[in-house]
Structure formats: structure tokens, C-alpha cells
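1. show me how the following folds:
(one chain, ligands or ions: 2)
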Amino acid sequence: MLLPNGIRHLPGYLDRPAQEALVEAVRAIVTEAPLFTPVMPGTGKEMSVRMTNCGELGWVTDKQRGYRYQPTHPVTNRPWPALPPQLLDLWRDIAGYENPPQACLVNFYADDARMGLHQDKDEQDLNAPVLSISLGNTCLFRVGGLNRNDRTLSLKLTSGDIIVLGGEGRLCFHGVDRIYPTTSTLLKNGGRINLTLRRVTS
Ligand SMILES: O=C(O)CCC(=O)C(=O)O
Ligand SMILES: [Fe+2]
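-> Numbers count the residues shown, from 1 in each chain. Ligands and ions are numbered 1, 2, ... in the order given. Have a look, this model is predicted:
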């Protein structure tokens, strides 16, 4: 399904077994690289999502140094766990990009978490798409244009859906307005997981 600016929505792309396998992979990642609470640069205000990463680089943020990618976990200082093979396969099948992903951000949304409207622009390689996978409870996703004040469109993302921000849509503003509790049985404790695959360097 094509949204404004060529953003692609692939509803129900992953079947239940594929979703369960990804949840298992995420469990292993979180054991090795514990979730941390990201903060806004400058204000130091905590975001409501908790996160970790896998891949050669991970997205991190703190009060002083702001948003960036780094090869190690900010708390354990250990390298991030490897990208699970399923994610490399998905990138190959969907992204249509010659180089493999370097980073996978793992976002955990409790049922009261959200993510404000933002652009993904901490990457050098803006030719590569961002591939985003939804697992667990349904969310209300909002996508706009290249300017914060552009008109936005809201859509529900359910477990197994994939969004591709590529081409024109690569730098579109987007965010998660809310999570709908008890809309999926995939995650025993509710909430939502979002996996975001990215290329970082050119
Ligand atoms: O949770 C989502 O669907 C979006 C996550 C996101 O935009 C991000 O991590 O940059
Ligand atoms: Fe984003």
C-alpha cells in the first residue's frame, strides 16, 4: 500500500510463526544488551519507550552528546549483538538496497508509551530506506511530509506489519501517537515492539 511520499505499508507481511521467531530473537538480544531509557538531548527528559540495538552500530542518546550511532552499548560498553538472520533476509527481500543493514533499533513500548513526531536523520546514507517492523499491540502511527507542519495521515499498524520509509519518504516526519492495549496476544506482557533496520554510513 502506498502512502503519501511513496512510503510503503506492507500490512500483515509477517505471519504468526515469523513474528514469534522475531520475538524469540529479541529476547536473546535484550539478554545480551539490556534495555535502556533514552533521554532527549539538552533537556535530559526521559522518553517513554525503552530501547536497545543489534547490529554493528546502535542508536543511542544522552543529555550531553545527543543522538548518535555507536558500536557499543551505552551501559555495558559491550558490542551490540549480531543482527539475527531473519532481519537480514527481510532487508534483502524488501529494501531493494545493495548494502546490508548496519543497525537495528529495538523499541519497547509499554501500553502507555508513545513517540513524538520526528525525522530519522542521524544516518549519513539517506539513499537507503528505513525498514520498520511492528510486533505486539496495535499502534496509531502518524506520517507527515518533509516539514513538521505538513498535513499528517494516521494509520493503525498491527503485529506483523512493515513500513518502508524510502525515496521521497525517507525523511518524512513520523511518530507513534498511542498503543491500543490487548489488541495482540503475541507479547505476554502486552505492549509493542518495533524493530527499525537502517544503513548508517555511506
Ligand atoms: O515505533 C515505530 O513504529 C516507529 C519508531 C521510529 O520511528 C524510530 O525508532 O525512529
Ligand atoms: Fe523514526
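
2. what about residue 113, distance to residue 101?
-> Taking C-beta to C-beta, to the nearest Å as the criterion, residue 113 is separated from residue 101 by 24 Å. Every residue, glycine included, has its C-beta placed from N, CA and C.

3. ok, these two, which is more surrounded?
-> Shown here are residue 113 and residue 101; by other C-beta atoms under 10 Å, residue 101 has more neighbours (26 against 18).

4. wait, a strand at the more buried one?
-> No - assessed with DSSP: H, G, I helix; E, B strand; the rest coil, residue 101 is coil; it does not lie in a strand.

5. name the nearest residue to it, ignoring sequence neighbours.
-> residue 197 (4.2 Å; C-beta to C-beta, 6 or more residues apart in numbering).

6. let me know the distance separating the one you found from ligand 1.
-> Residue 197 sits 11 Å away from ligand 1, going by C-beta to the nearest ligand atom, to the nearest Å.

7. thought that residue was touching residue 130?
-> Yes - Residue 197 is within contact range of residue 130, at 7.1 Å (criterion: C-beta atoms under 8 Å).

8. between the two, which one's more packed in?
-> Neighbour count, other C-beta under 10 Å: between residue 197 and residue 130, residue 197 has more, with 27 against 24.

9. return the backbone torsion pair for that one.
-> Main-chain torsions, residue 197, degrees, to the nearest 10: phi -90, psi 130.

10. tell me the contacts of the residue nearest to residue 101?
-> By C-beta atoms under 8 Å, 6 or more residues apart in numbering, the residues touching residue 197 are 83, 87, 90, 91, 95, 101, 103, 104, 130, 131, 132, 133.

11. would you reformat the residues you listed as TSV and include pLDDT, secondary structure and distance to residue 36?
-> Below are the contacts of residue 197 laid out as TSV (pLDDT from 0 to 100; DSSP: H, G, I helix; E, B strand; the rest coil; distance: C-beta to C-beta, whole Å):
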residue	pLDDT	secondary structure	distance to residue 36
83	98	coil	19
87	98	helix	20
90	98	helix	25
91	98	helix	24
95	96	coil	27
101	98	coil	21
103	98	strand	15
104	98	strand	15
130	98	strand	21
131	98	strand	23
132	98	strand	20
133	99	strand	20
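
12. show me where this protein has helices.
-> For the chain, applying DSSP state H gives helices covering 16-32, 85-94.

13. show me what the first one is packed up against.
-> So the one you mean is helix 16-32. In terms of contacts (3 or more C-beta pairs under 8 Å, 6 or more residues apart in numbering; DSSP states H and E), helix 16-32 is packed against strand 50-55, helix 85-94, strand 103-109, strand 130-136, strand 192-198.

14. in the chain, which residue sits nearest ligand 1?
-> Nearest to ligand 1 in the chain, going by C-beta to the nearest ligand atom, is residue 194, at a distance of 3.2 Å.

15. can you name the residues bridging to the nearest residue to residue 164 once chain neighbours are set aside?
-> Closest residue to residue 164 apart from its sequence neighbours, by C-beta to C-beta, 6+ apart: residue 8 at 4.1 Å. Counting by DSSP bridges, residue 8 is bridged to residue 2, residue 164.
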